[in-house]
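Colleague: Kindly generate the corresponding structure for this input.
(one chain, ligands or ions: 1)
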Amino acid sequence: MKPVVIVGAGLAGLTAATYLRRHGVPVRVFEAGKNIAGLARSERDAGGFTYDFGAHFITNRLAAAVGVSASCRAMPRYGETVWLRGRTYSYPFGLMRSLPFALSAAVAKLGAPFRRTPTTADEWYRSAYGGKLAKEVAVPLTEAWSGAPANELAASVGAKFATSLPRTIMLKAAAAVTQRTVAVGYSGTVPESPHVWHVYPDGGIGAVCERLADEVRDAIQTQSPVEAIHVEAERAVGVRVAGEDIEAAGVVSTAPVHVLPKIVRGTERLAYLSRFRYRPMVFVNVKLDGPSGLPDVVTWTPGPETPFFRLSDIGAGLPWLVPAGKSLVTCDIGCQVGDATWTAPDAELGKLCVAALDKLVPGTSARYLGCRVMRTPLAYPVYRLEYEDDRKRFEQGTGIEGLVSVGRNGEFAHILMEDVYWRTRRKVMSLIGSTAPAEAVRGCP
Ligand SMILES: Cc1cc2nc3c(=O)[nH]c(=O)nc-3n(C[C@H](O)[C@H](O)[C@H](O)COP(=O)(O)OP(=O)(O)OC[C@H]3O[C@@H](n4cnc5c(N)ncnc54)[C@H](O)[C@@H]3O)c2cc1C
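Modeller: Have a look, this model is predicted:
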């Protein structure tokens, strides 16, 4: 039997590989980088601080599905706060308690039946949250992480992020009763519930991918970028890696979709994907002596006075990643590859963030111990209005038989790890019928 070739050994690629192998399908996994795990990996420095590529929080349900529950600890705290013009508002109840925000939201709700269906993200936020919350919080945050004006982004941006208010209230209430960090907004494919809370592996988020890789280690080849995916008569038939052509029964790609038109040979069907864009991001991990003093594990900063739009207090949420008596704050800054932020020296970015942190928590700079900066050109898929119809078309599949595109960048979707896991399993199922022996499919989970 020819193998199914998997492009990339991040969470999606490894999920696909283990799932297919459990169903008796031979697989080969090619990873371009030196290491597996893609975005879901952690690094530890000599001082005992562990860093993710942007803070990652997972759920007990994903940990159980992958088989890493035993090495995970429950997060002792999780909460989100918005910092606006020197004031903090807990999310969502603090914002709802603010009279100006609440009034504006109520007016928006009353006017909803008379408005046309929103087309842009800007319109969506105004109709869902009211003009004031949209203008002061939702729109600036969206523009910061996407790098595009909210009136040039599709309404689906808002819809992707929204957990309904009644559900949020129910989940927050469950968290208060059970004293667990019940997850809100971390999975859309399988239902959120009071039984799904935040956990995190002992040594870093990379443990999730390492566990999956254990099952298919012999099939993984690192430092092996897939240079071409061969398509004949609109069917994926093989790949080229390091100049060698390899026949395949199917191909599962986790590569960013705007790369697919460059590597798929034998069809022009995916040419429309070349204009899809991702937002690069710089993560400045600020190390501090003593507690950070931030109000919550996650603090959103939509105002123009800070270079970052999100802060994650790792020491508060995941204390086992930070040495005793210290704290670690991850500052997320949106940018473009090659711009002043992307190219700034690490020390300069550290100073910039600490100066801004001083505005939130006076005295932070006196406790600054240094920083570790991480950069990725592919953090967020940007849902630009100009290619929204094409994005919806791509949601239906590649249109090429035997070629499945999965994962956060491969689906071009704002999905977190649990969604990547379940959606990848569902999507690669289509390859099983045609390639697995029937007896291997029967009785497999
Ligand atoms: C800032 C940020 C914060 C996040 N926070 C959370 C969180 O709190 N909780 C959560 O659950 N999720 C979070 N996520 C999402 C999570 O990181 C991703 O959903 C998940 O890691 C995506 O896995 P993936 O396999 O789809 O992609 P990736 O991790 O990008 O893996 C793709 C792999 O494919 C390889 N590749 C690409 N092209 C080729 C090629 N041609 N040949 C061979 N290999 C190739 C790449 O090198 C890479 O290793 C966050 C993401 C970001 C950006």
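
Colleague: Look at the residue nearest to Thr119 when sequence neighbours are not counted and say how many residues are nearby.
Modeller: Sequence neighbours aside, Ala155 is the residue nearest to Thr119 in space, at 5.7 Å (criterion: Cβ to Cβ, 6 or more residues apart in numbering). Backbone N, C-alpha and C define where each C-beta goes, glycine included. Ala155 has 21 neighbours, counted by other Cβ atoms under 10 Å.

Colleague: Ala155 contacts Ala121, correct?
Modeller: Yes - between Ala155 and Ala121 there is a contact under Cβ atoms under 8 Å: 6.0 Å.

Colleague: How many residues are close by the closest residue to Leu39 other than its chain neighbours?
Modeller: Excluding the flanking residues, the one nearest Leu39 by Cβ to Cβ, 6+ apart is Phe53, at 5.1 Å. Using other Cβ under 10 Å, Phe53 is surrounded by 20 other residues.

Colleague: Which positions in this protein make contact with the ligand?
Modeller: Residues of the chain lying close to the ligand by Cβ under 6 Å from any ligand atom are 7-13, 30-33, 38-40, 54-58, 225-226, 254-255, 281, 379, 407-410, 415-418, 420.

Colleague: Narrow those residues to those in strands?
Modeller: Using DSSP state E, the members of the residues of the chain next to the ligand that fall in strands are 7, 30, 58, 226, 281, 379.

Colleague: Next, the residue lying closest to Glu388 once chain neighbours are set aside: phi, psi?
Modeller: Leaving aside its chain neighbours, Glu388 sits nearest to Ala154 (4.0 Å; criterion: Cβ to Cβ, 6+ apart). Main-chain torsions, Ala154, degrees, to the nearest 10: phi -70, psi 150.

Colleague: hmm, back to that, what distance do you get for the residue nearest to Thr119 to the ligand?
Modeller: Taking Cβ to the nearest ligand atom, to the nearest Å as the measure, Ala155 falls 22 Å from the ligand.

Colleague: For that residue, report the pLDDT, please.
Modeller: Note for Ala155: predicted pLDDT of 95.

Colleague: State the pLDDT value of Pro113.
Modeller: 79.

Colleague: Tell me, how many residues neighbour it?
Modeller: If you count neighbours by other Cβ under 10 Å, Pro113 ends up with 6.

Colleague: how about it, secondary structure?
Modeller: Under DSSP: H, G, I helix; E, B strand; the rest coil, Pro113 falls in the helix class.

Colleague: just the one 10 residues further on next, same as before
Modeller: The three-state label for Glu123, taken from three-state DSSP, comes out as helix.

Colleague: could I get stretch 288-306 in CSV with only the CA atoms?
Modeller: Provided in CSV are the C-alpha atoms of stretch 288-306 (Å, rounded to 0.1, in the frame of the first residue of the first chain):
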residue,chain,number,x,y,z
LEU,A,288,10.2,40.1,36.6
ASP,A,289,11.2,39.8,40.2
GLY,A,290,8.1,39.2,42.4
PRO,A,291,4.5,39.0,41.2
SER,A,292,3.5,40.9,38.1
GLY,A,293,0.7,42.8,39.8
LEU,A,294,-1.6,42.3,36.8
PRO,A,295,-5.3,41.9,37.5
ASP,A,296,-5.8,38.6,35.7
VAL,A,297,-4.1,35.8,33.8
VAL,A,298,-5.1,37.5,30.6
THR,A,299,-5.2,41.3,30.3
TRP,A,300,-6.5,42.9,27.0
THR,A,301,-5.1,46.4,26.3
PRO,A,302,-7.1,47.9,23.4
GLY,A,303,-5.9,51.5,24.0
PRO,A,304,-3.3,53.2,21.8
GLU,A,305,-1.0,53.8,24.8
THR,A,306,0.5,50.3,24.8
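
Colleague: And that stretch, what's buried?
Modeller: 288, 292-303, 306 (16 or more other Cβ atoms under 10 Å).

Colleague: Repeat that for stretch 118-125.
Modeller: Applying 16+ other Cβ under 10 Å to stretch 118-125 flags 118, 120-125 as buried.

Colleague: so what's Leu403 bridging to?
Modeller: Val251 (DSSP bridges).

Colleague: Next: Val5.
Modeller: According to DSSP bridges, beta-bridge pairing links Val5 with Arg28, Val251.

Colleague: Below-threshold pLDDT in the chain: ranges please.
Modeller: Within the chain, the ranges that satisfy pLDDT under 70 run 161-163, 433-445.

Colleague: who are the neighbours in contact with the residue nearest to Ser274 when sequence neighbours are not counted?
Modeller: Nearest non-adjacent residue to Ser274, counting by Cβ to Cβ, 6+ apart: Pro261, 4.6 Å away. Residues near Pro261 by Cβ atoms under 8 Å, 6 or more residues apart in numbering: 268, 270-274.

Colleague: Dump those residues to a markdown table, plus neighbour count and secondary structure.
Modeller: As requested, the contacts of Pro261 are exported to a markdown table (neighbours: other Cβ atoms under 10 Å; DSSP: H, G, I helix; E, B strand; the rest coil):
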| residue | neighbour count | secondary structure |
| --- | --- | --- |
| Glu268 | 8 | coil |
| Leu270 | 22 | coil |
| Ala271 | 12 | helix |
| Tyr272 | 16 | helix |
| Leu273 | 23 | helix |
| Ser274 | 13 | helix |
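
Colleague: Where helices are concerned, which of the residues of the chain next to the ligand count?
Modeller: 11-13, 408-410, 417-418, 420 (DSSP state H).

Colleague: Which PyMOL command selects the buried ones in the residues you listed?
Modeller: Only the buried entries of these go into this PyMOL selection, using 16+ other Cβ under 10 Å:
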select buried, resi 11+12+13+408+409+410+417+418+420
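
Colleague: Show me which of the ones in helices among the residues of the chain next to the ligand is closest to Thr178.
Modeller: Nearest to Thr178 out of these is Glu418 (Cβ to Cβ; 19.1 Å).

Colleague: Double-check the closest one against Ser187; I have them as touching.
Modeller: Yes - under the criterion of Cβ under 8 Å, Glu418 makes contact with Ser187 at 4.2 Å.

Colleague: circling back to that earlier point, thought the residue nearest to Leu39 was touching Arg41?
Modeller: Yes - in this structure, Phe53 is within contact of Arg41 by Cβ under 8 Å, at 6.8 Å.

Colleague: Can you list the buried residues in stretch 104-119?
Modeller: Result for stretch 104-119 [16+ other Cβ under 10 Å]: buried residues 104-105, 108, 118.

Colleague: Closest to the ligand out of those?
Modeller: Nearest to the ligand out of the buried residues of stretch 104-119 is Pro118 (Cβ to the nearest ligand atom; 25.6 Å).
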